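**Q** This is a predicted model, with the sequence first.
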Amino acid sequence: FLSPMGSRISKEGGGSDDERLLRAMGQSTQAPAPSTARRAALIAGYGGLIAVNIASGMGTFGPSNAQVSRAVPTAITPAGYAFAIWGVIFLLEGGGVLYVSAPSEEGSVRAMTFNCVFEPWLAMWTCQNLWQIVFVQTPLTPPTPYASLNTIFVPCCFLLLSSWAAGLTACRRLAVAGFQSHAAGVLVALGSAINTGWLSAASCIGLALVGQGCVGGPDAFNDTGAPLALASAATGGALLALQQWGAGYLGLGYAGAVAWALCAVAVNTANPASTPQVRSSALAGACVIAVGSAATVLARGLRLAGVNLPFGGSATRSGPSVPC
């Protein structure tokens with residue numbers, strides 16, 4: 001079976017590990033209805049995310065992210081159009097906030113969804129906001145020595161990795177829950193997955209910026225082969241998401257966001273730090289993710305048709321689910 005989030009559900013065994021995970025995140029299968037204060041905090045957190053992004057775009061904190069990215073490129077910096085994905089993320093997560101923040105009853109899908117994402121979303125948004133404020137402090141003319149930029153890039157990288165980790169936590173919790181609601185899948189799981197997948201690509205860029213600072217610039221960093229390794233790591237993470245979460249909102253959302261980023265890296269010929277080898281690697285990664293996604297969708301279709309397969313997404317817990 002596949003839950004709306006794409007997790008394959010085992011019919012047997014009860015999943016004591018998953019029950020411990022649910023308890024660790026402060027809930028059972030009968031999730032308590034969220035309090036008014038917690039619902040207000042989530043709404044305020046999302047409002048803060050939007051406010052910081054608007055302020056950053058208006059130059060309140062310094063140069064725009066686009067200006068800084070152009071001034072300090074890496075070989076895996078995507079073309080500018082790729083950042084339009086944030087419009088999709090903000091729209092989905094905004095709908096998710098409205099969905100989970102509406103009054104709900106104990107044990108309802110809405111209550112369990114809220115308890116899955118409350119802490120991870122707030123942590124993820126906080127790290128993203130702090131990253132916005134710190135990143136735009138980068139000087140538009142890189143100084144010599146280049147290593148001095150790591151006073152900015154190291155904390156930025158930490159914030160990106162932290163936000164990615166928080167997003168993974170939200171996705172993991174949603175995968176375990178296995179709800180019978182496509183509304184929760186579209187408005188909450190898909191937004192979480194796309195955001196987390198994009199943050200994995202952004203974290204690779206953050207690591208590349210730190211690496212450039214350590215070795216003296218983009219050319220020296222490219223000579224190490226590290227950009228190729230980072231592109232491969234992002235590809236591997238997307239394939240792992242498909243393997244773990246299947247052909248649903250989580251697996252396809254995460255993988256799709258990574259593939260989108262890799263395609264934008266592959267076509268960014270205007271990037272002075274890019275190389276043909278990195279662009280080819282990024283394109284190959286996007287193609288591999290596309291093939292993996294197609295195979296996962298096919299496998300899911302065969303399972304729904306009653307064909308037993310020796311492979312597929314990992315089982316999580318028993319419980320009701322609907323295919324998506």
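**A** Nice, I can see it.

**Q** remind me which residues of the protein are low pLDDT?
**A** Applying pLDDT under 70 to the chain flags the ranges 1-30, 179-180, 309-324.

**Q** quick one, helices of it?
**A** Shown for the chain, the helices assigned by DSSP state H span residues 16-24, 36-57, 65-71, 85-101, 109-135, 150-177, 182-184, 190-215, 218-223, 226-245, 249-266, 276-304.

**Q** For the shortest one, buried residues please.
**A** Yep, that's helix 182-184 we're talking about. By 16 or more other Cβ atoms under 10 Å, the buried positions in helix 182-184 come out as 183-184. The way it works is simple: take the backbone N, C-alpha and C, and place the C-beta from them, glycine included.

**Q** Looking at the helices of the chain, which is nearest to residue 144?
**A** With Cβ to Cβ as the criterion, residue 144 lies closest to helix 190-215 of the helices of the chain, at 11.8 Å.

**Q** Can you give me the buried ones in the closest one?
**A** Buried residues in helix 190-215 (16+ other Cβ under 10 Å): 190-213, 215.

**Q** between that helix and helix 109-135, how big is the angle?
**A** 20 degrees (axes from the mean of the first three to the mean of the last three Cα atoms, to 10 degrees).

**Q** what distance separates helix 190-215 from the middle of the whole chain?
**A** 9 Å (Cα atoms, centre = their mean, to the nearest Å).

**Q** Taking helix 276-304 as reference, get the angle to that helix.
**A** Orientation of helix 190-215 against helix 276-304 (the same axes, to 10 degrees) gives an angle of 150 degrees.

**Q** packing partners for helix 190-215?
**A** On a contact count with 3 or more Cβ pairs under 8 Å, 6 or more residues apart in numbering; DSSP states H and E, helix 190-215 meets helix 85-101, helix 109-135, helix 150-177, helix 218-223, helix 226-245, helix 249-266.

**Q** if I pick residue 88, what's in contact with it?
**A** Applying Cβ atoms under 8 Å, 6 or more residues apart in numbering, one finds that residue 88 lies in contact with residue 194.

**Q** rerun at 10 Å
**A** Counting by Cβ atoms under 10 Å, 6 or more residues apart in numbering, residue 88 makes contact with 190-191, 194-195, 198, 253, 257, 260.

**Q** swap in residue 222?
**A** Per Cβ under 10 Å, 6+ apart, neighbours of residue 222: 74-75, 208, 211-212, 215, 228, 273-275, 277-278.

**Q** one more time with 8 Å, if that's ok
**A** Per Cβ under 8 Å, 6+ apart, neighbours of residue 222: 75, 273, 275, 278.

**Q** next one: residue 285
**A** 231-232, 234-235, 258-259, 262.

**Q** How about it, nearest residue that isn't a chain neighbour?
**A** Excluding its sequence neighbours, the residue lying closest to residue 285 (Cβ to Cβ, 6 or more residues apart in numbering) is residue 235, at 3.6 Å.

**Q** need the contacts of residue 222 in a markdown table with neighbour count and distance to residue 132, can you?
**A** Shown next, in a markdown table, are these (neighbours: other Cβ atoms under 10 Å; distance: Cβ to Cβ, whole Å):
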| residue | neighbour count | distance to residue 132 |
| --- | --- | --- |
| 75 | 28 | 23 |
| 273 | 20 | 22 |
| 275 | 16 | 29 |
| 278 | 23 | 26 |
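
**Q** Redo the residues you listed as JSON lines? Include distance to residue 54.
**A** JSON lines is the format used below for those (distance: Cβ to Cβ, whole Å):
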{"residue": "75", "distance to residue 54": "30"}
{"residue": "273", "distance to residue 54": "29"}
{"residue": "275", "distance to residue 54": "35"}
{"residue": "278", "distance to residue 54": "33"}
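
**Q** Residue 62: which of the helices and strands packed on helix 190-215 is closest?
**A** Of those, nearest to residue 62 by Cβ to Cβ is helix 109-135, at 8.6 Å.

**Q** Residue 118 is in contact with residue 38, correct?
**A** Yes - here residue 38 reaches residue 118: they are 6.2 Å apart, a contact under Cβ atoms under 8 Å.

**Q** any residues in contact with both of those two?
**A** Taking Cβ under 8 Å, 6+ apart as the contact criterion, no residue touches both residue 38 and residue 118.

**Q** if you count what's nearby, which of those two comes out ahead?
**A** Applying other Cβ atoms under 10 Å to residue 38 and residue 118 shows that residue 118 carries more neighbours, namely 23 against 17.

**Q** That one against residue 32, yeah?
**A** No - in this structure residue 118 lies outside contact range of residue 32 using Cβ under 8 Å: 11.5 Å.

**Q** Might you report the residue contacts of the nearest residue to residue 198 once chain neighbours are set aside?
**A** In this structure, residue 198 finds its nearest non-sequential neighbour in residue 257, 4.5 Å apart by Cβ to Cβ, 6+ apart. Going by Cβ under 8 Å, 6+ apart, residue 257 touches 85, 193-198, 200-201.
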